[in-house]
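>>> With the input below, show me the fold.
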Amino acid sequence: MTTAVFSFYLFATILLTSAVMVILSRNPVHSVLWLIVAFFNAAGLFVIVGAEFLAMLLIIVYVGAVAVLFLFVVMMLDIDFAELRTGLSRYLPLGLLVAGVILAEILLAVGSWRAGDGIQMFDVLAGTPDGMTNTQWIGSVLYTRYLYVFQAAGLVLLVAMIGAIVLTHRQRVGTKRQDIGKQVQMTPAKSVRKAQPGVGQGVDL
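As a prediction, this is how the structure comes out:
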């Protein structure tokens, strides 16, 4: 067994184990930590096949941003997870049905896989021109052949961000706001008043 094969089985085993622990962990914080472990091992698999850019992207985006965000949200929100689990038995048949359909699709895809075509496909995917790294080749293809698709994806994300801001923006009625223009135009004669109240008397505002 070569080092690459051993590393593949090691990363894959830890990845599957951590993915199962994400589902089985009762503590949501532990689930997020197992999710981070799964992301790291998935990045290791990308490194093995020579896709170092995807591995770096997986760690920076998912581990460095999304998983940490999940962790802080779960730790800061006061959520009664025991109450959320009370309806688990009611939705269990539907969840098992969806899991069965997904499992059938995976088995169908694996059954229709032919080793010869798979190896040729991996050779095409892994092949890069001489003198170019994996990152350079991805950037060259992404910003030349798929430039319009990349720009369209950016516009979709922009529209989604604007929509989220519009949906969450609410105007509060009755709140007191400061008028910056009036504050700048205020003079000391209007804003400061000298008072000499007597003993035991308050100030008449």
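>>> give me every residue that touches Met56.
Counting by C-beta atoms under 8 Å, 6 or more residues apart in numbering, Met56 touches Ala43. To be clear about C-beta, it is placed using only N, CA and C from the backbone, and glycine gets the same treatment.
>>> Against Thr135, how distant is it?
For Met56, the distance to Thr135 (C-beta to C-beta, to the nearest Å) stands at 8 Å.
>>> who touches the helix or strand encompassing Tyr9?
Counting by DSSP states H and E, the element that carries Tyr9 is helix 3-24. Residues outside helix 3-24 that contact it (C-beta under 8 Å, 6+ apart) are 30-31, 34-35, 37-38, 41-42, 44-45, 48.
>>> Would you mind listing which of those residues are buried?
31, 34-35, 37-38, 41-42, 44-45, 48 (16 or more other C-beta atoms under 10 Å).
>>> Those residues: which two are farthest apart?
Ser31 and Ile48 (26.2 Å; C-beta to C-beta).
>>> quick revisit: from the contacts of helix 3-24, pick the one nearest Leu147.
Using C-beta to C-beta, Ala42 comes nearest to Leu147 of the contacts of helix 3-24, at 27.9 Å.
>>> all helices of this protein, in order?
Remark: helices assigned in the chain by DSSP state H are 3-24, 28-48, 52-57, 68-76, 81-84, 88-111, 115-126, 134-142, 147-168, 180-185, 188-191.
>>> okay, those helices in a markdown table with mean pLDDT next?
Below are those laid out as a markdown table (pLDDT from 0 to 100):
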| stretch | mean pLDDT |
| --- | --- |
| helix 3-24 | 86 |
| helix 28-48 | 84 |
| helix 52-57 | 84 |
| helix 68-76 | 74 |
| helix 81-84 | 61 |
| helix 88-111 | 72 |
| helix 115-126 | 48 |
| helix 134-142 | 82 |
| helix 147-168 | 91 |
| helix 180-185 | 81 |
| helix 188-191 | 73 |
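>>> got the buried residues for stretch 164-181?
Per 16+ other C-beta under 10 Å, stretch 164-181 contains no buried residues.
>>> CA atoms of that stretch as PDB?
This file holds the C-alpha atoms of stretch 164-181, laid out as PDB (Å, rounded to 0.1, in the frame of the first residue of the first chain):
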ATOM      1  CA  ALA A 164     -32.000  39.800   2.600                       C
ATOM      2  CA  ILE A 165     -31.400  43.400   3.700                       C
ATOM      3  CA  VAL A 166     -34.800  44.500   2.400                       C
ATOM      4  CA  LEU A 167     -36.600  41.600   4.100                       C
ATOM      5  CA  THR A 168     -34.900  42.200   7.500                       C
ATOM      6  CA  HIS A 169     -35.100  46.000   7.400                       C
ATOM      7  CA  ARG A 170     -37.900  47.300   9.700                       C
ATOM      8  CA  GLN A 171     -38.700  50.800  10.700                       C
ATOM      9  CA  ARG A 172     -39.400  51.200  14.400                       C
ATOM     10  CA  VAL A 173     -42.300  53.500  15.300                       C
ATOM     11  CA  GLY A 174     -41.900  55.900  18.200                       C
ATOM     12  CA  THR A 175     -38.100  55.700  18.500                       C
ATOM     13  CA  LYS A 176     -36.200  58.900  19.200                       C
ATOM     14  CA  ARG A 177     -33.700  59.900  16.600                       C
ATOM     15  CA  GLN A 178     -31.000  62.600  16.600                       C
ATOM     16  CA  ASP A 179     -31.200  65.400  14.000                       C
ATOM     17  CA  ILE A 180     -27.500  66.000  13.100                       C
ATOM     18  CA  GLY A 181     -28.400  69.300  11.300                       C
END
